[in-house]
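K.L.:
Here's my sequence, what's the structure:
(one chain, ligands or ions: 1)
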Amino acid sequence: MKILVFAGSTRQQSFNRRLAAVGAEAAHIEGAQATLLELADFDIPMYHADLEARGTPADVIRLKEIMDAHPAWIIVTPEYNGSYTGLLKNTLDWASSPVAGHPVFADGSRPFAGKVVGMLSASNGALGGLRAQSHLAPLLINLGCWLAPRQYALPRAASAFGEQGQLTDPAQQAQVQAVVSQVLWAAERLHGTE
Ligand code: FNR
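P.N.:
Predicted coordinates for the structure are as follows:
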């Protein structure tokens, strides 16, 4: 099973990027093929329809193709003001916009419809960014994703990671593993072992 993992932050020392790496490793442990994607590697402007009318940026198409090639996703969201980040919203808005005349992306259903998605978040606060997940969930469902019921929010993230980037608390590692495992379980049932 191919699973895509990405975080809604590009910050160098981002807790959520670090948690995404833990999620990708958890997927490897489950025997899946994980792609850890960095949004910083994509040159994606702030969305507006005039820009889209001039032609979807090449990096948006590149991102959509990568998303489309993975039946399962893990999205790791930071929490800004009780919600997910503008970066994540802009990325998902572009990714959901139809590409006129494109053989695969013209009707806007791909790459979202039918994807099995798990959510994680990390914050140094006590709630671990859980409120960001509660805002992200309806967006994903609206786009036709199958959302894993299991989710995990990592609190006190500044002291959660060891020197190798691992979660030092085995109970927290087990929580991440459980989310990833459930996403893979559901994706295999919906998509086979693609
Ligand atoms: C935050 N932060 C934050 N944290 C939180 O737990 N709940 C919140 O509502 C907010 N709100 C918020 C608003 C804004 C504008 C900023 C810049 C920050 C703190 C935030 O979670 C923290 O900066 C994380 O480190 C961001 O995630 P990364 O970049 O570490 O992945």
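
K.L.:
List, one by one, the residues from this structure near the ligand.
P.N.:
Within the chain, the positions adjacent to the ligand are 9, 11, 14-17, 78-82, 123, 125, 129 by C-beta under 6 Å from any ligand atom. Where you see a C-beta, it was placed from the backbone N, CA and C, and this is true even at glycine.

K.L.:
repeat that for 5 Å
P.N.:
Residues of the chain lying close to the ligand (C-beta under 5 Å from any ligand atom) are 9, 11, 14-16, 78-82, 123, 125.

K.L.:
isn't Ile109 right up against His102?
P.N.:
That one is not Ile; residue 109 is Ser. No: using C-beta atoms under 8 Å, Ser109 is not in contact with His102, being 11.9 Å away.

K.L.:
Give the PyMOL command for selecting the buried subset of the residues of the chain next to the ligand.
P.N.:
Those of these that count as buried under 16 or more other C-beta atoms under 10 Å are selected in PyMOL with:
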select buried, resi 9+14+15+16+78+79+80+123
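
K.L.:
Just send the residues of the chain next to the ligand back as JSON lines, with pLDDT, distance to Pro170 and secondary structure too.
P.N.:
Shown next, in JSON lines, are those (pLDDT from 0 to 100; distance: C-beta to C-beta, whole Å; DSSP: H, G, I helix; E, B strand; the rest coil):
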{"residue": "Ser9", "pLDDT": "98", "distance to Pro170": "25", "secondary structure": "coil"}
{"residue": "Arg11", "pLDDT": "98", "distance to Pro170": "26", "secondary structure": "coil"}
{"residue": "Ser14", "pLDDT": "98", "distance to Pro170": "23", "secondary structure": "coil"}
{"residue": "Phe15", "pLDDT": "98", "distance to Pro170": "19", "secondary structure": "helix"}
{"residue": "Asn16", "pLDDT": "98", "distance to Pro170": "21", "secondary structure": "helix"}
{"residue": "Pro78", "pLDDT": "98", "distance to Pro170": "24", "secondary structure": "coil"}
{"residue": "Glu79", "pLDDT": "98", "distance to Pro170": "24", "secondary structure": "coil"}
{"residue": "Tyr80", "pLDDT": "98", "distance to Pro170": "30", "secondary structure": "strand"}
{"residue": "Asn81", "pLDDT": "98", "distance to Pro170": "32", "secondary structure": "coil"}
{"residue": "Gly82", "pLDDT": "98", "distance to Pro170": "30", "secondary structure": "coil"}
{"residue": "Ser123", "pLDDT": "98", "distance to Pro170": "21", "secondary structure": "coil"}
{"residue": "Gly125", "pLDDT": "98", "distance to Pro170": "22", "secondary structure": "coil"}
